[in-house]
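> Build me a structure from this.
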Amino acid sequence: MSSGSRSTFKTMIVYLRRIAQSLFFITLFALYTCAGKKITEVEDEENDVHTETEPSRHFYTMDEFVMGADLSYVNQVLDHGGVYRDSGSVMDPYQIFADYGTNVVRLRIWHDPEITMEVYGESATQMYSDLHDVAKSIARAKGQEMAVALDFHYSDYWADPGWQAIPEAWKEIKDLAVLQDSVYQYTKRTLLHLNERGLMPEMVQIGNEINCGMLFTNAPSGFPALNACDGNWKNLGGVINKAIHAVREVSESSDINTRIILHIAQPENVEWWFDNITGTGGVTDFDIVGFSYYARWSNVSLAEISTRVANFRGKFGKDVMIMETAYPWTMENADSYANIFGSASLVQGYPATPEGQKNYLIDLTQEVIAGGGKGIFYWEPAWITSNLKDPWGTGSSWENNAFFDFDGNALPAFIFITYNYDFKN
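Numbering: from 1, shown residues only. Now for the predicted structure:
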């Protein structure tokens, strides 16, 4: 079969599946309407500002609007006793997200995450968020016809605005050109491995929340200076450009036209950062301005998001997406691992209830759309409680932000993915 025929055949299959899914939801919502219920029983429906249980829903393609979910923890949750349910049945979480309309799965990759194995002691069997684990996740996502956004942290473990730890394998590097080549070779080698197996991601993110840059935490003496908050924009730009070059090279030999994302935390930092990275840093060959938006840590209100997104689009001439967001459906705990989101994370008008969570996501997504944005990703909606371990606890510090209740049942938050949004503005 020719590549054109395969593409046409795949398009037909996707189209037919979407029709089947739409018919499923029409029936499902009709049944819930008759029974006076949503996806799950909720107690405080008087707080629901989106009371319509309309049977007409829309399954968006990623070209229309990215409805993304970061599912990086899923394999580890499943390996350690986590169970996901929908309509009372235990199900593959990748299938649940696909069935509800998720079109892109975001996955993080760490350089050498031995700590993800070490926390289990002698019972350890494997690492997580390494190349092997990521390949497994991509295969499962693509098997459900979802695209993939691969998030390179360029670290052995978590990277965020205040912590961009250098991989142990690179700590002895003293020369900027050598570091650039190491980033280039690692990025290219990873993508070649995936591409050869039919697992090339549709999007690649260069760094994770790189407000002050990458590869600077606890830098040893002589390591190239990449902390942009200290003015090292040119060095940082050179490293980012090498990573971008690696992505473009592999993409050119692939059937996938991979799009490149640059991602920082919080919308109030976007203009400052992208002004500097595209100016002094000399980075212009990317496709998407990405930012995290957590109301708890931002001074930008939900109602301002559309204006901010429109301004970013106009100023930088790139697509704009929220790469991470979250909102709680409860203030309760399912385990002894303290939750990160407490009452300080709440926004007025959106209570910590299943309906409050759903309504917040609908309104935030509409803000992104109104500003001309092209997508939204929810961070770790499947990080439910289980026997998963990390250095800080066992279970989940995020289960009150998940899309599943404490018994693993799907919550109304899934409705936001196929909500009929207004794209007229």
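> Contacts only, for the residue nearest the centre of the chain.
Geometric centre of the chain, nearest residue: D70, 3.6 Å, by CA atoms, centre = their mean. Contact partners of D70, counting by CB atoms under 8 Å, 6 or more residues apart in numbering, are V105, R106, L107, R108, D151, E324, F377, Y378, W379, E380, P381. Backbone N, C-alpha and C define where each C-beta goes, glycine included.
> The chain: helices as residue ranges?
3-35, 74-79, 93-99, 115-118, 131-143, 176-196, 233-252, 270-278, 305-316, 354-370 (DSSP state H).
> Mind putting those helices into CSV with mean pLDDT and distance to S343?
CSV is the format used below for those (pLDDT from 0 to 100; distance: least, CB to CB, whole Å):
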stretch, mean pLDDT, distance to S343
helix 3-35, 41, 30
helix 74-79, 98, 26
helix 93-99, 98, 28
helix 115-118, 98, 31
helix 131-143, 98, 33
helix 176-196, 98, 41
helix 233-252, 98, 37
helix 270-278, 98, 28
helix 305-316, 98, 22
helix 354-370, 98, 13
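> Out of the ones you listed, which is closest to P161?
Between P161 and the helices of the chain, the tightest spacing by CB to CB is seen for helix 270-278, at 10.4 Å.
> when you compare where the closest one runs with where helix 305-316 runs, what's the angle?
On the basis of axes from the mean of the first three to the mean of the last three CA atoms, to 10 degrees, helix 270-278 is oriented at 20 degrees to helix 305-316.
> Output helix 270-278 as PDB, nothing but the C-alphas.
Extracted C-alpha coordinates of helix 270-278, given in PDB (Å, rounded to 0.1, in the frame of the first residue of the first chain):
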ATOM      1  CA  VAL A 270       6.100  35.100  28.500                       C
ATOM      2  CA  GLU A 271       6.900  38.400  26.800                       C
ATOM      3  CA  TRP A 272      10.100  39.000  28.800                       C
ATOM      4  CA  TRP A 273      11.400  35.500  28.100                       C
ATOM      5  CA  PHE A 274      10.600  35.300  24.400                       C
ATOM      6  CA  ASP A 275      11.800  38.800  23.800                       C
ATOM      7  CA  ASN A 276      15.200  37.800  25.100                       C
ATOM      8  CA  ILE A 277      15.500  34.300  23.700                       C
ATOM      9  CA  THR A 278      14.500  35.400  20.200                       C
END
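> Flag every buried residue along it.
Buried residues in helix 270-278, counted by 16 or more other CB atoms under 10 Å: V270, W273, F274, N276, I277, T278.
> Likewise for stretch 180-199?
180, 182-184, 186-188, 190-192, 194-195, 199.
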